[in-house]
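K.L.:
Have a look at this prediction, sequence included:
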Amino acid sequence: MPFQKYGARRRSLSALATVGAGLMAVGGIAPAAAAQDISSQQWYLQDMQADDMWKVSKGKGVTVAVIDTGVKASLPELRGQVLPGTDASKSPTDVHNDEDGHGTNMAALIAGTGSGGGIQGLAPESKILPIKAIVDGKTDAADPLLARAIKYAVDHGARVLNISLGTGGTSSMYFTKAKAAVKYAINKGALIFAATGNSGDKDNFPEYPSSLSGVVGVGAITRDGKTAKFSTSGDQVGLVAIGDEIPTHCGNKVCSSRGTSQATAITSASAALIWSKHPKWTNNQVLRVMMQTAAKPKTGDVPSSYLGYGSVRPRKVLLDGEGDPGPANTNPLLAREGATKPKPSESASKAAGNASQPPASDEQAAKKPVAEAKAKDDGGNTTLWVALGAGVVVVAGAAVAFTVVRRRGGTMARP
């Protein structure tokens, strides 16, 4: 079973390469931008009010495992941000050697410092635990490799697991070891965010591990707040985040990328910000306030097939003091919580009180183009974007052809 990376650059199908059985990622990248200063192009940070959130939390004390293609720790914005990590395969290579670049970009979106004109991460004081998980088709299959990666992550201090990888055209019956590893991680107090995939406008078939019970599947919305047409929909969608027009490294250039990979990284970083501010909260409590404070679909049922419980808004917790952490040992995702508007909790209200500036009112916040809060479900699905080797390609379809499933959804309410 090959993995798919959900982040890529726009190339022709003829550029497709294969890594053994194939490890693909979720996302896409457009032509190179003129400016090389990536951080200056990260428009979504302003929309998410990152500068104000960073006065409250920058993710310090939280380790985020990036289970991906490796992480290039020597990148200027990642120097000092990356822990030793490991290659979870049976034929390991240097985890800090990322020939593909996908894992490096995901790590930078989470914890990059912006140094050297590089990527500014949303949680710049969090640490990255890199775990390489490339399926070679000979010594490793997706299920045991993923299981080893997940167990390594939690056993080495990761509280948040970012998996911008997945595989489609298969069944959960092939992921028995991964299921056990997910349960192990959750019981150890970790949160797992996994990209739902980019095959929404093609086969739109469930992806794994995002479809595994307990994993928070993350879909993507566009800059104008609409459900990204490439974002795979279905029951696996727990939350969504901006996943379009995200500047990333593209070799020696800067590219505009898209994908549920990027949306997952932003969601993982959001969790790190909240957890850093509330270190005594359990994984269930952090997830609960994320679900509660997410911008809800305006129409249709919640959770929505396209938007899940809504678009992540960590500022609502950190700046506005919203969200009730609730019971420590009840998993809100499995209990299908988060569909109602939260009431300010005493602990969350203290977070707002500690901010150097007063929290913005809903009326004030609505005046800003908050991308993560205005998503609209336009009935889009997902194209599978694949990043392999030095280049990245767009792939029409997954490992197996399936009938396209399209569902109607709703629009996201503004804050």
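P.N.:
Arrived safely, thanks for sending.

K.L.:
Is the nearest residue to residue 41 once chain neighbours are set aside in a helix, a strand, or coil?
P.N.:
With sequence-adjacent residues excluded and distances taken as C-beta to C-beta, 6 or more residues apart in numbering, residue 41 is closest to residue 247, at 4.1 Å. Heads up, the C-betas are built off the backbone N, CA and C, glycines and all. Of the three states, residue 247 takes strand according to DSSP: H, G, I helix; E, B strand; the rest coil.

K.L.:
wait, residue 247 sits on residue 256?
P.N.:
Yes. Contact between residue 247 and residue 256 holds when scored by C-beta atoms under 8 Å: they sit 6.0 Å apart.

K.L.:
that older thread, which residues touch the residue nearest to residue 41?
P.N.:
Residues near residue 247 by C-beta atoms under 8 Å, 6 or more residues apart in numbering: 33, 38, 41-42, 119, 254-257.

K.L.:
can I get these in JSON lines with distance to residue 172, neighbour count and pLDDT?
P.N.:
Formatted as JSON lines, the entries for the contacts of residue 247 read as follows, by distance: C-beta to C-beta, whole Å; neighbours: other C-beta atoms under 10 Å; pLDDT from 0 to 100:
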{"residue": "33", "distance to residue 172": "40", "neighbour count": "15", "pLDDT": "41"}
{"residue": "38", "distance to residue 172": "37", "neighbour count": "25", "pLDDT": "88"}
{"residue": "41", "distance to residue 172": "39", "neighbour count": "20", "pLDDT": "92"}
{"residue": "42", "distance to residue 172": "36", "neighbour count": "23", "pLDDT": "95"}
{"residue": "119", "distance to residue 172": "34", "neighbour count": "31", "pLDDT": "96"}
{"residue": "254", "distance to residue 172": "38", "neighbour count": "23", "pLDDT": "89"}
{"residue": "255", "distance to residue 172": "34", "neighbour count": "23", "pLDDT": "90"}
{"residue": "256", "distance to residue 172": "34", "neighbour count": "19", "pLDDT": "92"}
{"residue": "257", "distance to residue 172": "29", "neighbour count": "29", "pLDDT": "93"}
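
K.L.:
Residues in a beta bridge with the closest residue to residue 266 other than its chain neighbours, which ones?
P.N.:
With C-beta to C-beta, 6+ apart as the measure, residue 241 is the residue that lies nearest to residue 266, at 4.3 Å, once sequence neighbours are left out. The residues paired with residue 241 through beta bridges, assigned by DSSP bridges, are residue 220.

K.L.:
Identify the spatial nearest neighbour of residue 84, chain neighbours not counted.
P.N.:
Spatial nearest neighbour of residue 84, chain neighbours left out: residue 95 (7.7 Å); criterion: C-beta to C-beta, 6+ apart.

K.L.:
Show the pLDDT at the one you found.
P.N.:
At residue 95 the predicted local distance difference test score is 97.

K.L.:
quick one: secondary structure of it?
P.N.:
Assignment for residue 95 (three-state DSSP): coil.

K.L.:
I'd say it and residue 82 touch.
P.N.:
No. Distance between residue 95 and residue 82: 9.1 Å, which falls outside the contact criterion (C-beta under 8 Å).

K.L.:
Could you name every residue contacting both of the two?
P.N.:
With contacts taken as C-beta under 8 Å, 6+ apart, residue 95 and residue 82 have 71, 130 as neighbours in common.

K.L.:
Who has more neighbours out of these two?
P.N.:
Remark: of residue 95 and residue 82, residue 95 carries more neighbours, 26 against 23, as counted by other C-beta atoms under 10 Å.

K.L.:
picking up where we left off before, what residues does the residue nearest to residue 84 make contact with?
P.N.:
With contacts defined as C-beta under 8 Å, 6+ apart, the neighbours of residue 95 are 70-71, 84-87, 130-132.

K.L.:
if we go to 10 Å?
P.N.:
Neighbouring residues of residue 95 by C-beta atoms under 10 Å, 6 or more residues apart in numbering: 66, 68-73, 82-88, 103, 129-133.

K.L.:
now swap in residue 303 and tell me
P.N.:
Applying C-beta under 10 Å, 6+ apart, one finds that residue 303 lies in contact with 235, 237-239, 291, 294, 296-297, 309-310, 333, 336, 338-339.

K.L.:
Now list the buried members of those residues.
P.N.:
237-239, 291, 294, 296-297, 309-310, 333, 338 (16 or more other C-beta atoms under 10 Å).

K.L.:
Turn the residues you listed into TSV, columns for pLDDT and distance to residue 214.
P.N.:
Listed next are the buried ones among the contacts of residue 303 as TSV, based on pLDDT from 0 to 100; distance: C-beta to C-beta, whole Å:
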residue	pLDDT	distance to residue 214
237	96	15
238	96	10
239	97	14
291	97	14
294	95	18
296	88	22
297	82	23
309	94	15
310	95	19
333	93	7
338	63	15
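
K.L.:
Among these, which lie within helices?
P.N.:
Helix and strand membership here follows DSSP state H; of those, those in helices are residue 291.

K.L.:
tell me the two of the buried ones among the contacts of residue 303 that are most distant?
P.N.:
For the buried ones among the contacts of residue 303, the farthest-apart pair by C-beta to C-beta is 297 and 333; their separation is 16.8 Å.

K.L.:
Okay, helices next: where are they in the protein?
P.N.:
Listed in chain order, the helices found in the chain under DSSP H are 43-47, 50-53, 102-111, 142-155, 176-187, 260-277, 283-293, 314-318, 346-353, 362-366.

K.L.:
Looking at the ones you listed, spot the one closest to residue 217.
P.N.:
Nearest to residue 217 among the helices of the chain is helix 260-277; the distance by C-beta to C-beta comes to 8.6 Å.

K.L.:
Pull the number of nearby residues for residue 74.
P.N.:
Around residue 74 sit 11 other residues, with neighbours defined as other C-beta under 10 Å.

K.L.:
which residues does the closest residue to it other than its chain neighbours contact?
P.N.:
With C-beta to C-beta, 6+ apart as the criterion, residue 74 has its nearest non-adjacent residue at 7.4 Å, and that residue is residue 96. Contact partners of residue 96, counting by C-beta under 10 Å, 6+ apart, are 70-75, 78, 82, 84-85, 87, 104, 130, 132.

K.L.:
Okay, and which of those residues map to strands?
P.N.:
Secondary structure assignment by DSSP state E places 87, 130, 132 of the contacts of residue 96 in strands.

K.L.:
Would you check how far apart the residue nearest to residue 74 and residue 136 are?
P.N.:
19 Å (C-beta to C-beta, to the nearest Å).
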